[in-house]
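# Take a look and give me a structure for this.
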Amino acid sequence: MSAVSYPLSFGPYELLGEISRGGMAEVHFAIRRGENPQRVYAIKRILPQHATDPAFRRFFSAEIELSKSLSHPQVVETMDYGEVDRSPYLAMEYIHGRALNRLLYALGSQGRRLPVPFAAYIAMRALDGLQYIHQAHDPQGRRIDAVICDISPSNIMVGYDGSIKLIDFGIATSRLRFFEQIGMLKGKKNYMSPEQLRGLPLDHRADIFAMGLCLFELLTAQAVFSGKSDFEVEEAVRSGKLPQLSERAQNLPKGLEEVVHKALELSPDARYASAGDFARALEPFARLGKGKSVGPEELAKVLPVYIVSMIKQDDQRLADVLARIERQPEPAWAGSEMPTEVSAAPATTAAVSGAPEEPGTESPGAGPDEPAVAARSSG
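From the prediction side, this is the model:
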């Protein structure tokens, strides 16, 4: 693949650098021409070699359809969407931070883990976003009944400002099923619920199970099924034979293990009835000394204690992108009508996530095994 020279014109945007790339999609830093003041966005688009594939286009369109209906502090915001040279795209808010899987990777390599109050806080805010999505309505006021089907640490962004946002609804569905039209089982097996692995109808409680696994990892800085084959993972999940939290983490607050394992019950009926119920059960564990609760400011202050080199690296990366904005020559279209390649809705504010990937990982929503496309069924 030949090197890309930035800035690169893309419809009403200038692409300024690559954020991430997977087998199906790529994400770029971008600005919108003519916008004042200029904001940084993240443009997600299907890779050129897949841009004309009917299946991927259908899935990407479905992702747009779901994303444009969502507006919540704990859900990444879609600012704009459209198509340029037959390449569909999403313009999303930029989140200066890392996906949770990158944070967990860094912690695990140091043999460290976040203190319980901060782990509980991250899970609570992600659950807030999940509760909103499960209850969301489309612009016509109809209940979407969305099930994400792919909740994992790579789909939870941790901003360096302490913000927590869910990203990538590539295989979300608004129907009680999860087989995509191409007949493939999608999602990450290490985070699938027993009913999802069995091919049974799904509801929002499948996402609650996945969030339970994410919290388990937050509290232990270890993958629940580390070192196990796909077959071993499937057998453990289907049988409900998961490791006990206390086997992986000592000195946990009383009652926390029970809270986590309730989300991981084999039967959906035995789990929390909603993501909101799960979040409320975690509230007592997200407190610091003297009863003070963790918030964005507290999380932002503690992150450098664990990942200061990562933060410096990303600060420099963003600074390099911003420097490209300052160095840009006046465009040829200045003073005349802007190009018309189109966007279906005007952008209003800044844009997505962008951490470089750790070895052996895939970028959120753009991995070879899960197309960066939503899979909300349209039938």
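# Helix or strand: which one has D277?
In this assignment (DSSP states H and E), D277 forms part of helix 275-282.
# So R33 sits against E14, correct?
Yes - using CB atoms under 8 Å, R33 is in contact with E14, at 6.2 Å. (Each C-beta comes from the backbone N, C-alpha and C, glycine too.)
# The two - which one has more neighbours?
Using other CB atoms under 10 Å, the more surrounded residue of R33 and E14 is E14, with 22 against 18.
# Let me see the backbone angles for the more buried one.
phi -120, psi 120 (degrees, to the nearest 10).
# Show me what it is bridged to.
Bridge pairing for E14 (DSSP bridges) gives the partners S9, I31.
# Can you pull out the low-pLDDT segments for the chain?
For the chain, the stretches flagged by pLDDT under 70 are 1-3, 170-187, 227, 327-379.
# repeat that with 50
Along the chain, segments meeting pLDDT under 50 span 1, 175-185, 330-379.
# Tell me which stretches of it form helices.
For the chain, helices defined by DSSP state H occupy the ranges 54-67, 100-110, 116-135, 194-197, 205-220, 230-239, 245-248, 256-263, 275-282, 296-327.
# for these, which one sits closest to S20?
Closest to S20 of the helices of the chain is helix 100-110 (CB to CB; 10.7 Å).
# Would you indicate which residues of that closest one are buried?
If you call a residue buried by 16 or more other CB atoms under 10 Å, then helix 100-110 has these buried ones: 100-108.
# Please produce JSON lines containing the residues you listed, extended by distance to A210.
JSON lines is the format used below for these (distance: CB to CB, whole Å):
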{"residue": "L100", "distance to A210": "12"}
{"residue": "N101", "distance to A210": "13"}
{"residue": "R102", "distance to A210": "18"}
{"residue": "L103", "distance to A210": "17"}
{"residue": "L104", "distance to A210": "15"}
{"residue": "Y105", "distance to A210": "19"}
{"residue": "A106", "distance to A210": "22"}
{"residue": "L107", "distance to A210": "20"}
{"residue": "G108", "distance to A210": "19"}
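# and the gap between F231 and A146?
30 Å (CB to CB, to the nearest Å).
# Compare neighbour counts for those two and give me the winner.
Remark: of F231 and A146, A146 carries more neighbours, 25 against 9, as counted by other CB under 10 Å.
# quick one on the thing from earlier: now the angle from the helix holding D277 to helix 256-263?
Relative orientation of helix 275-282 and helix 256-263, computed by axes from the mean of the first three to the mean of the last three CA atoms, to 10 degrees: 170 degrees.
# Helix 275-282 - contacts with which helices or strands?
Contact here means 3 or more CB pairs under 8 Å, 6 or more residues apart in numbering; DSSP states H and E; on that basis helix 275-282 packs against helix 116-135, helix 205-220, helix 256-263.
# Distance of E77 relative to P12?
When distance is defined by CB to CB, E77 is 18 Å away from P12.
# now swap in N36 and tell me
In this view, N36 and P12 are 14 Å apart by CB to CB.
# Settle it for me: which of these two has more neighbours?
P12 (23 against 6).
# just checking, the more buried one touches R32?
Yes - using CB under 8 Å, P12 is in contact with R32, at 5.7 Å.
# about what we covered before: out of the helices of the chain, nearest to G159?
helix 296-327 (8.1 Å).
# how deep is the closest residue to V84 other than its chain neighbours tucked in, by neighbour count?
Leaving aside its chain neighbours, V84 sits nearest to G11 (3.7 Å; criterion: CB to CB, 6 or more residues apart in numbering). Neighbourhood size, G11 [other CB under 10 Å]: 24.
# Over to G11: give its phi and psi.
Main-chain dihedrals, G11, degrees, to the nearest 10: phi 60, psi -130.
# Wait, it touches G82, no?
Yes - assessed by CB under 8 Å, G11 is found in contact with G82 at 6.6 Å.
# Now the two most distant members of the buried residues of helix 100-110.
The most distant members of the buried residues of helix 100-110, if one measures by CB to CB, are L100 and G108, lying 12.1 Å apart.
# My read is that R143 contacts H137, right?
Yes - with contacts counted by CB under 8 Å, R143 reaches H137, the gap being 5.6 Å.
# And stretch 292-299, how far out from the chain middle?
21 Å (CA atoms, centre = their mean, to the nearest Å).
# Please apply the same query to stretch 64-82.
Its chain's average C-alpha position is 12 Å from that of stretch 64-82, according to CA atoms, centre = their mean.
# Let the chain start at 28 from now.
Done: numbering now begins at 28, and the last item shifts to stretch 91-109.
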